[in-house]
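Asks: A predicted structure for the sequence below; I have some questions about it.
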Amino acid sequence: MAMRWRRITVTTASAGLILPGAGLAAQAHASPAASHLSAHCSAGAHTLAPLGSHLYPETGNGGYTSLHTLVHLVYNAKANRFLPGNRVVLTDRATQCLTSFSLDFERKSGNSRAGPDMTVRSVVVNGQSARFTFVQPTYPGDPHGQNDPDPAAHEASQTNPVGGPHHNPLPPACSPELPNVSAPPDSLDGTQCPANKLVITPSAPIRSGSVFAVTVSYTGKPGVHNDGDGTTEGWFRAPDGGFVTTEPVGSEDWMPLNDYPAAKPTYDFSDTVTAGRTVLANGVLTSVKHNPASGEFPRGSVTWNWHSPAPVASYLVEDSVGNYHLTERTADNGTKFFEAQDTAISAKQRKKNLAIMNKQQNITQFESQFNGTYPFTSDGVVVGTPPASFEEEMQTMITFAGGFINTDVLYHENMHQWWGDNVTESGYNMTFYKEGLATLAEFLYQARLAENKAGGPYSSKGQAAFQATLVKIFNQTYASKHGFWTVAPSNPEPVGLFSGSSTYFRPGAAYLALRQILGHGNFTQALQQIQRTYGGSHITEPELEAGFARWLPVQTSACRARLSRFFTQWFDTAYPAGGGQNRPRITGPGLAGPGFYNASGGCSKP
């Protein structure tokens, strides 16, 4: 995701508690065998967040692994409403014997203007009707269980412990949903979390290891989520449909899902929408079918089918609908490139946008030199009109908001197709890892411009200009003062997750230093090895650091220990304000600050 520039103004709304709603479908009587089985079963966890987390601890659901999701929207674009027949079908594998399990679904919101207003009509598990209800999350690891009667166990906060007006000593159960970017970050600390956990109780327990299908049918108006920094993400209302850009948790404002980065099912989309509208989703377009008039669509409808064979992280699910002009072309290597723009954008601006969009294949080829083979069968860009506060790396269909596109940001978001999309962060505290690498892509773009100006990539002067540009960028970044170094990248708060230097420029500079420490060739080998090892899955911080350490050219205990200290300083340490001595004290050869190796090429005093 690009930095959130906070271009939008969100209507101030009440942050009051959303009371749990409930739905009840007919339940088949369990057999005696099933009753015996249930004695050894339990409810799946209502979060995947680690103990003590204060960064979206309400998200994710345990007890199963997400395998595949079929999204079948039935959407009236003019009214911006999901109609009867709208549903998702989730195919999961149980990792324990389950008496119940949960999904994330923000069907209602405190944002009265642009928030969702949806209703679950029914839930079916393996062909049998299931009971369902909505509950508040509790903090991860609550010893009193997921239905803790203490209201303090269900409170929001930016930090751990909650604090707030009642000085709550417990960890937060959710991150606050600030009404706008001007709201004080701690203004909702201590308020109750909304009931966004859709808890499903099947007619019989689900055996550990079994694959099961869950169909959730729902109707109503999709909308946006108010985030911990006061910006919004989710389903933005477009001139004649919706524009979807959702990081970090806004997918649950238009569909129920396991809303956690590490949950990565494959996807199919079969969306029936108002005639004349275009559907844009992840993967490749497989078919378009025009349907006759019906009760729901008096003037007809059209069904668009998209298929993503690659797993998609929860915040990268794309499914925009509207008056988009869509083109498709196939590169020599077989990769399909999709380009879409809202027809409400002026012809003059669409022409400017298209000139930049057409660079995506070349950008992909350039970034492949560092990351290895492009990991997906397609790539694409959609330019929408809603003034969302950020651009996002939606997998294979990058979103640009506000009607325009920027080359520098396209380098950033396209780099995410490897880092964040193919190799996803294991949790929100790892956001810095992939945003830092996407920021590195912006640095590489600036170096590429200098290289071309100096004579091109095959000239000695061009290569020297490329390297000199990266050194200059690092040195300028390393000279930063004031509050630049005060937040540890691996321990951010929601309010600064997508606007702080700790997420973007500090880890970006760390990767520049790593490139000098490992050597340019080894750094590239490390990136490509990490892609091969973790592609299609997710990565933890220790795994990331081990992936680079493997390519350290001097494999002595002293150098390995120094590299470990390097990671701690750059990724895990919060420094006092000011810079100077209050910043990482290990850099790299040829860069400002203390280097990595001694005069003899080792990592201990000669």
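Replies: Yep, it's here.

Asks: Three-state assignment for Gly234, please.
Replies: strand (DSSP: H, G, I helix; E, B strand; the rest coil).

Asks: That one touches Ser251, doesn't it?
Replies: Yes: shown here, Gly234 and Ser251 form a contact pair, counting by C-beta atoms under 8 Å, at 7.4 Å. Where you see a C-beta, it was placed from the backbone N, CA and C, and this is true even at glycine.

Asks: Would you map the strands across the stretch 201-350 of the chain?
Replies: Ranges of strands in the stretch 201-350 of the chain, per DSSP state E, counting those that start in this stretch, are 211-221, 224-226, 232-238, 241-245, 266-274, 278-281, 284-291, 301-308, 319-322, 324-330, 336-342.

Asks: for the fifth one, packing partners?
Replies: Translated: strand 266-274. Contacts defined by 3 or more C-beta pairs under 8 Å, 6 or more residues apart in numbering; DSSP states H and E place strand 266-274 against strand 64-72, strand 74-76, strand 278-281, strand 301-308, strand 319-322.

Asks: picking up where we left off before, tabulate the strands of the stretch 201-350 of the chain (CSV), appending distance to Ile356.
Replies: Converted to CSV, the strands of the stretch 201-350 of the chain look like this (distance: least, C-beta to C-beta, whole Å):
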stretch, distance to Ile356
strand 211-221, 33
strand 224-226, 26
strand 232-238, 21
strand 241-245, 18
strand 266-274, 26
strand 278-281, 18
strand 284-291, 22
strand 301-308, 24
strand 319-322, 19
strand 324-330, 15
strand 336-342, 10
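
Asks: In JSON lines, list the ones you listed along with distance to Pro151, mean pLDDT and mean neighbour count.
Replies: Listed next are the strands of the stretch 201-350 of the chain as JSON lines, based on distance: least, C-beta to C-beta, whole Å; pLDDT from 0 to 100; neighbours: other C-beta atoms under 10 Å:
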{"stretch": "strand 211-221", "distance to Pro151": "28", "mean pLDDT": "98", "mean neighbour count": "19"}
{"stretch": "strand 224-226", "distance to Pro151": "21", "mean pLDDT": "97", "mean neighbour count": "28"}
{"stretch": "strand 232-238", "distance to Pro151": "27", "mean pLDDT": "97", "mean neighbour count": "26"}
{"stretch": "strand 241-245", "distance to Pro151": "34", "mean pLDDT": "97", "mean neighbour count": "28"}
{"stretch": "strand 266-274", "distance to Pro151": "37", "mean pLDDT": "98", "mean neighbour count": "22"}
{"stretch": "strand 278-281", "distance to Pro151": "40", "mean pLDDT": "98", "mean neighbour count": "27"}
{"stretch": "strand 284-291", "distance to Pro151": "48", "mean pLDDT": "98", "mean neighbour count": "13"}
{"stretch": "strand 301-308", "distance to Pro151": "41", "mean pLDDT": "98", "mean neighbour count": "21"}
{"stretch": "strand 319-322", "distance to Pro151": "36", "mean pLDDT": "98", "mean neighbour count": "26"}
{"stretch": "strand 324-330", "distance to Pro151": "45", "mean pLDDT": "97", "mean neighbour count": "14"}
{"stretch": "strand 336-342", "distance to Pro151": "44", "mean pLDDT": "98", "mean neighbour count": "22"}
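
Asks: Relative to Gln395, which of those strands is closest?
Replies: Gln395 lies closest to strand 301-308 among the strands of the stretch 201-350 of the chain, at 7.2 Å (C-beta to C-beta).

Asks: So what touches that closest one?
Replies: 266-279, 281-291, 294, 395-396 (C-beta atoms under 8 Å, 6 or more residues apart in numbering).

Asks: try 7 Å this time
Replies: With contact meaning C-beta atoms under 7 Å, 6 or more residues apart in numbering, strand 301-308 is reached by 266-275, 277, 279, 281-291, 294.

Asks: Looks like Pro46 contacts Pro137 (just checking).
Replies: To be clear, residue 46 is His; Pro isn't right here. Yes: between His46 and Pro137 there is a contact under C-beta atoms under 7 Å: 5.7 Å.

Asks: what do these two both touch?
Replies: Contacts common to His46 and Pro137, judged by C-beta under 7 Å, 6+ apart, are Lys197.

Asks: Where does pLDDT dip in this structure?
Replies: 4-39, 606 (pLDDT under 70).

Asks: biggest helix in it by residues?
Replies: In the chain, with assignment by DSSP state H, the single longest helix is helix 431-454.

Asks: Near the nearest residue to Ser157 once chain neighbours are set aside, how many other residues are there?
Replies: Among residues not flanking Ser157 along the chain, Pro172 sits closest, at 3.8 Å (C-beta to C-beta, 6 or more residues apart in numbering). The burial count assigned to Pro172 is 34, neighbours taken as other C-beta atoms under 10 Å.

Asks: ok, and Pro172, which helix or strand is that part of?
Replies: In this assignment (DSSP states H and E), Pro172 forms part of neither any helix nor any strand.

Asks: And Gln467, by the same measure?
Replies: Taking DSSP H and E as the definition, Gln467 sits inside helix 460-478.

Asks: C-alpha coordinates for that helix, CSV please?
Replies: C-alpha atoms of helix 460-478 as CSV (Å, rounded to 0.1, in the frame of the first residue of the first chain):
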residue,chain,number,x,y,z
SER,A,460,29.9,1.8,-16.7
LYS,A,461,28.7,5.4,-16.2
GLY,A,462,25.0,4.2,-16.0
GLN,A,463,25.8,1.5,-13.5
ALA,A,464,27.8,4.0,-11.4
ALA,A,465,24.9,6.4,-11.4
PHE,A,466,22.5,3.6,-10.4
GLN,A,467,24.7,2.8,-7.3
ALA,A,468,25.4,6.4,-6.4
THR,A,469,21.7,7.2,-6.4
LEU,A,470,21.0,4.4,-3.9
VAL,A,471,23.8,5.5,-1.7
LYS,A,472,22.6,9.1,-1.8
ILE,A,473,19.0,8.0,-0.9
PHE,A,474,20.3,5.9,2.1
ASN,A,475,22.5,8.7,3.4
GLN,A,476,19.7,11.3,3.2
THR,A,477,17.4,8.9,5.0
TYR,A,478,19.9,8.0,7.6
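
Asks: Check which helices and strands it is in contact with.
Replies: helix 431-454, helix 505-518 (3 or more C-beta pairs under 7 Å, 6 or more residues apart in numbering; DSSP states H and E).

Asks: nearest to Ile473, of the ones you listed?
Replies: Between those, helix 431-454 lies closest to Ile473; by C-beta to C-beta that is 5.1 Å.
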